[in-house]
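Chemist: got a structure for you, letters missing:
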């Protein structure tokens, strides 16, 4: 099973953003690339037509992104961020203390991970590599645990 086939944990806001991006790509971006391909084909000589080649490369990238978004949305499970959590899991809010300084984080799916915005994911390499929280996943919400940063 590849990553696109797995459940994708998203906030309601995150799901709406992905849906809006998908709509933009399907309508506006596809039409723009089709126009560019058509204009480049009017130059005639296809063997050395860099505009046509670039437009086709852009089209391939666009279609790949559309496919990724479709799969992510298809496999989305919306996180109920208002629910009370007895254990640290996706949708939980946690407080991390590092060197006496406390910081609050939300546990989200990989698509919503942004350590700089205080959103961590147990499925994201960026979150697990940059923080000490992964050892707390599954712990009781009222408890505490000690974790250590990954060795560098």
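Modeler: Everything's here; your move. Note that the structure is predicted; figures quoted are calculated from it, not measured. Numbering: from 1, shown residues only.
Chemist: three-state assignment of residue 105?
Modeler: What DSSP: H, G, I helix; E, B strand; the rest coil gives for residue 105 is strand.
Chemist: tally of neighbours for it?
Modeler: 18 (other Cβ atoms under 10 Å). Using the backbone N, CA and C atoms, a C-beta is placed for each residue, glycine as well.
Chemist: tell me the pLDDT of it.
Modeler: Turning to residue 105, the model gives it a pLDDT of 82.
Chemist: ok, it touching residue 96?
Modeler: Yes - contact status for residue 105 versus residue 96: in contact at 6.0 Å, counting by Cβ atoms under 8 Å.
Chemist: and this structure, what are its domain boundaries?
Modeler: For the chain, automatic domain parsing gives the domain ranges 3-78, 80-152.
Chemist: mind telling me which of these the model trusts least?
Modeler: Looking at the domains of the chain, the lowest mean pLDDT belongs to domain 80-152 (a mean of 67).
Chemist: so how far is residue 58 from residue 32?
Modeler: Separation of residue 32 from residue 58 (Cβ to Cβ, to the nearest Å) stands at 9 Å.
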